[in-house]
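> I would like the atomic coordinates for the input below:
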Amino acid sequence: MDEGLSKAVRKVFVDLYNEGLIYRGEKIINWDPEAMTALSNEEVIYKEVKGAFYHIKYMLEDSDEYLEVATTRPETLFGDTAVAVNPKDERYKKYIGKNVILQIVNKKIPVIGDFHADMEFGTGVVKRTPFGTKLKNMLKINGSLGYSY
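You can find the predicted model right below:
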């Protein structure tokens, strides 16, 4: 894009921002490493890939008990901020309000109740890592995980 067009685009974005019609925030983007640019969700071509569930034990604080998470993304556990269970799930509702230990970094994280936790999927226990999915972004934005804009 030539310099004149670049300035015009920047001006429109600044004007929209100043009018409160757009905001600037941190969120995951779709990055095209070949074109070296960001893509909108509509430009992404999604592809189903057969994956695996990795089972991770989160030990309850001051207990020999644990909550087991089945995840396809074990690499994100360093950023976990909570473990969620459905408050209607009889197996786990007694743990809401307690803490588990994220052993790899020796960090306490809370067990939270979340009606979005699917009792029938995986183990029914879900790790919460900000910026992971649209749902997690919604939780982050509304302050459920201690983050807000």
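> domains of the protein?
According to automatic domain parsing, the chain is divided into the following domains: 3-43, 54-141.
> and those domains, which is most packed in?
Mean neighbour count, computed with mean count of other Cβ atoms under 10 Å, is highest for domain 54-141 among the domains of the chain, reaching a mean of 16. C-betas here are computed from N, CA, C, even on glycine.
> low pLDDT regions in the chain?
Applying pLDDT under 70 to the chain flags the ranges 1, 131-149.
> Strands of that one, start to end?
With DSSP state E, the ranges of strands along the chain come out as 30-32, 37-39, 54-60, 66-71, 82-85, 99-102, 107-113, 125-128.
> Let's have these in a markdown table, adding distance to Asp2.
Formatted as a markdown table, the strands of the chain follow (distance: least, Cβ to Cβ, whole Å):
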| stretch | distance to Asp2 |
| --- | --- |
| strand 30-32 | 22 |
| strand 37-39 | 17 |
| strand 54-60 | 49 |
| strand 66-71 | 46 |
| strand 82-85 | 48 |
| strand 99-102 | 50 |
| strand 107-113 | 50 |
| strand 125-128 | 45 |
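> List just the one of those that sits closest to Leu16.
Nearest to Leu16, of all those, is strand 37-39, at 17.2 Å by Cβ to Cβ.
> can you give me the offset of the closest one from its chain's centre?
Relative to its parent chain, strand 37-39 has a centroid offset of 20 Å by Cα atoms, centre = their mean, to the nearest Å.
> can you check stretch 108-126 too?
Centre-to-centre, stretch 108-126 and its host chain are 13 Å apart (Cα atoms, centre = their mean).
> contacting residues for the closest residue to Asn30 other than its chain neighbours?
Closest residue to Asn30 apart from its sequence neighbours, by Cβ to Cβ, 6 or more residues apart in numbering: Leu39 at 4.2 Å. Contacts for Leu39 (Cβ atoms under 8 Å, 6 or more residues apart in numbering) come out as Ile29, Asn30, Trp31, Asp32.
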